[in-house]
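Peer 1: this one's sequence-less:
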């Protein structure tokens with residue numbers, strides 16, 4: 001059955017795209033073939049007075065190209081040629097054309113719409129127009145860089161394409177991307193009006209001709225504009241991502257050429273990106289996120305999550321107020337408890353900051369979902385209570401005992417602990433099957449990851465419910481098994497501890513941080529410790545190092561700095577000094593402390609620093625997989641990307657290893673084996689190397 005319906009009324013043709021068996025309209029190879037057939041028919045109907053293209057799916061115009069095809073190793077040239085030819089074919093029809101957009105119009109979908117004479121957008125809340133290819137390590141290849149530049153100007157086009165962010169209908173109208181934005185029910189009427197006006201004024205032909213011509217920037221204008229855009233882009237991407245730079249180059253080199261020549265420039269820049277390691281990794285991460293968005297968190301398909309409408313949060317500190325804010329933002333009735341009224345007041349102020357800049361009615365409606373209390377008995381009607389009190393097991397379990405007689409029999413209790421055993425604390429709860437970890441990351445409003453931690457007795461029903469709740473508030477839940485450090489901190493602390501070990505060997509803190517950021521991490525491990533707080537880091541390190549003592553490198557620098565009151569940014573000094581420099585300045589006073597613990601002074605090469613930061617993370621990640629701490633390699637990679645900012649363009653720690661090659665990784669590990677078991681390859685890695693495989697096959 002065809003995915004296209006072609007209707008003609010009063011010599012106006014309407015093509016309706018409704019891809020069979022799919023929730024979205026996707027420009028896959030079979031769909032391109034059907035488009036070619038429809039286009040051939042339209043070219044032969046020279047008697048027509050106009051054409052409209054619309055979608056048969058609510059909230060969806062065209063989602064773009066098939067990413068599975070783009071992520072494969074198939075030669076990209078043929079699909080590029082076919083896409084360009086189809087867009088050009090619609091652009092050359094002998095009558096005016098209108099793309100009727102009332103939903104997601106992305107990537108190749110927008111590139112196709114740019115080949116039409118006019119575009120009108122509807123009021124559906126999912127109506128978004130954009131070219132997000134750079135987020136996948138790709139760039140527009142069906143004329144998007146050239147046609148968009150000629151329609152909205154090169155500066156706006158570069159911003160849209162290099163950032164990869166879509167615009168809504170109102171913004172699309174403001175920048176001239178669409179000719180009108182109207183209520184959805186009036187879209188076809190508006191399209192017909194546009195076609196009638198175009199025929200009467202014959203304005204569509206000059207508009208087409210203009211699109212074929214150079215933009216006409218002077219040499220001075222072009223030089224100034226693109227120098228500024230390139231500087232901004234490099235500041236944002238640090239040069240790690242080739243796709244935005246390639247797209248900007250295509251706009252710069254092509255905008256002052258005839259369209260036909262500009263398209264050749266675009267193709268030259270586009271083709272090398274398809275199938276590249278960066279693109280494959282980013283596409284893989286996209287599919288991991290798609291999987292996580294649907295994953296119920298349990299393997300039993302008969303287990304269904306319970307609906308949660310009333311949540312309690314115990315603790316009004318940074319984490320507690322952040323968790324409460326995340327729930328009220330998503331229209332969930334939330335009660336925040338703290339024993340101190342002053343803490344509640346401060347917590348409410350923290351939440352109010354999250355809503356600054358939002359529409360006042362929207363912010364007021366969200367705040368109205370929040371109640372505060374100092375009385376634990378008022379939690380009685382809460383369906384889920386998330387504990388976020390001080391990271392002290394005695395305090396936490398005492399709180400649970402107080403809740404025993406207050407909450408209903410079917411209520412769920414979840415702890416936001418980042419270090420304490422869920423299985424052990426469950427013993428203080430009358431129904432351990434309804435107790436789990438719900439570990440949010442700081443700052444809660446920006447960090448997407450939530451670890452759902454299963455204790456030994458946590459039931460599938462509880463896991464599924466917490467997974468659904470996390471997703472309801474816009475987070476990405478990853479289910480992990482209870483163990484010291486859970487997943488993210490367990491792996492991450494290997495990276496942090498190795499940085500301290502290298503400090504003791506005489507490495508410079510700045511160089512260690514530089515090696516990490518050069519790899520793609522958002523912040524170096526030393527600067528991060530100062531930001532988090534050295535006392536907080538010390539507590540977490542002690543828990544994890546004690547649990548994995550056979551491969552933990554014990555250091556004393558943190559203990560000494562904390563004892564000296566150097567707690568990091570919050571105290572004004574840690575590894576760096578923040579008295580006069582918010583970013584941290586080198587501090588001579590640190591040298592005396594470091595000298596007491598430096599085993600010897602030596603220059604450590606940048607390559608060694610990089611290897612030693614990330615190889616222990618990899619071996620620990622492999623152990624997490626084989627021990628069942630996490631369900632699969634994809635969950636582990638996504639957790640580290642979302643939880644610690646591991647560079648998504650590397651695909652995650654495991655996919656990075658696959659890219660480097662497990663055998664090559666093994667060679668690297670051999671060099672550092674004398675340093676300890678953290679550099680010893682796991683049995684899993686040895687087996688993969690022997691089979692010539694990777695973590696992902």
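Peer 2: Yep, it's here. The model shown is predicted, which means the values in this text are computed figures rather than measured ones.
Peer 1: all contacts plus neighbour counts: C-alpha atoms, from now on.
Peer 2: Noted.
Peer 1: How far does stretch 265-281 stretch from one end to the other?
Peer 2: The first and final residues of stretch 265-281 sit 25 Å from each other (CA to CA, to the nearest Å).
Peer 1: Also stretch 470-482?
Peer 2: 18 Å.
Peer 1: mind giving me the domain split of the protein?
Peer 2: Following automatic domain parsing, one finds the domains of the chain at 4-275, 310-482, 489-691.
Peer 1: would you turn those domains into a markdown table with mean pLDDT and mean neighbour count?
Peer 2: Converted to a markdown table, the domains of the chain look like this (pLDDT from 0 to 100; neighbours: other CA atoms under 10 Å):
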| stretch | mean pLDDT | mean neighbour count |
| --- | --- | --- |
| domain 4-275 | 94 | 19 |
| domain 310-482 | 94 | 20 |
| domain 489-691 | 93 | 19 |
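Peer 1: So what touches stretch 30-45?
Peer 2: Here stretch 30-45 makes contact (CA atoms under 8 Å, 6 or more residues apart in numbering) with 2, 3, 4, 19, 82, 83, 86, 89, 90, 93, 94.
Peer 1: and that stretch, how far out from the chain's middle?
Peer 2: 37 Å (CA atoms, centre = their mean, to the nearest Å).
Peer 1: check contacts around the nearest residue to residue 652 once chain neighbours are set aside.
Peer 2: Of all residues not flanking residue 652 in the chain, residue 637 sits nearest, at 4.4 Å (CA to CA, 6 or more residues apart in numbering). Shown in contact with residue 637 (CA under 8 Å, 6+ apart): 651, 652, 653, 654, 655.
Peer 1: any idea how far residue 637 lies from residue 294?
Peer 2: Distance of residue 637 to residue 294, computed by CA to CA: 17 Å.
Peer 1: where along the stretch 301-450 of the chain do the helices fall?
Peer 2: Per DSSP state H, counting those that start in this stretch, the stretch 301-450 of the chain carries helices over the ranges 318-329, 341-354, 360-367, 393-403, 422-426.
Peer 1: would you list these in CSV and tack on distance to residue 298?
Peer 2: CSV is the format used below for the helices of the stretch 301-450 of the chain (distance: least, CA to CA, whole Å):
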stretch, distance to residue 298
helix 318-329, 23
helix 341-354, 32
helix 360-367, 31
helix 393-403, 26
helix 422-426, 18
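Peer 1: How far off centre is stretch 564-571?
Peer 2: With CA atoms, centre = their mean, you get 32 Å for stretch 564-571.
Peer 1: any residues touching that stretch, and which ones?
Peer 2: Contacts for stretch 564-571 (CA under 8 Å, 6+ apart): 529-535, 561, 572-578.
Peer 1: what about it, how long is it end to end?
Peer 2: End-to-end span of stretch 564-571 (CA to CA): 11 Å.
Peer 1: Hmm, residue 128 is touching residue 110, no?
Peer 2: No - assessed by CA atoms under 8 Å, residue 128 is found out of contact with residue 110, at 9.8 Å.
Peer 1: so who does the closest residue to residue 316 other than its chain neighbours touch?
Peer 2: By the measure of CA to CA, 6+ apart, the closest residue to residue 316 outside its immediate chain neighbours is residue 347, 5.0 Å from it. Contact partners of residue 347, counting by CA under 8 Å, 6+ apart, are 316, 317, 318, 320, 321.
Peer 1: now residue 23
Peer 2: By CA under 8 Å, 6+ apart, the contact set of residue 23 is residue 57.
Peer 1: now it: how far from residue 312?
Peer 2: In terms of CA to CA, residue 23 sits 36 Å off from residue 312.
Peer 1: shouldn't residue 18 be in contact with residue 60?
Peer 2: No - with contacts counted by CA under 8 Å, residue 18 stays clear of residue 60, the gap being 9.5 Å.
Peer 1: which residues are in contact with both of those two?
Peer 2: residue 25.
Peer 1: Just give me the longest helix of this structure.
Peer 2: helix 606-627 (DSSP state H).
Peer 1: Against which helices or strands is it packed?
Peer 2: When contacts are defined as 3 or more CA pairs under 8 Å, 6 or more residues apart in numbering; DSSP states H and E, helix 606-627 packs onto helix 488-504, helix 509-519, helix 633-644, helix 653-660, helix 683-691.
Peer 1: between the helices of the stretch 301-450 of the chain, which one is nearest to residue 305?
Peer 2: Among the helices of the stretch 301-450 of the chain, the nearest to residue 305 by CA to CA is helix 318-329 (17.3 Å).
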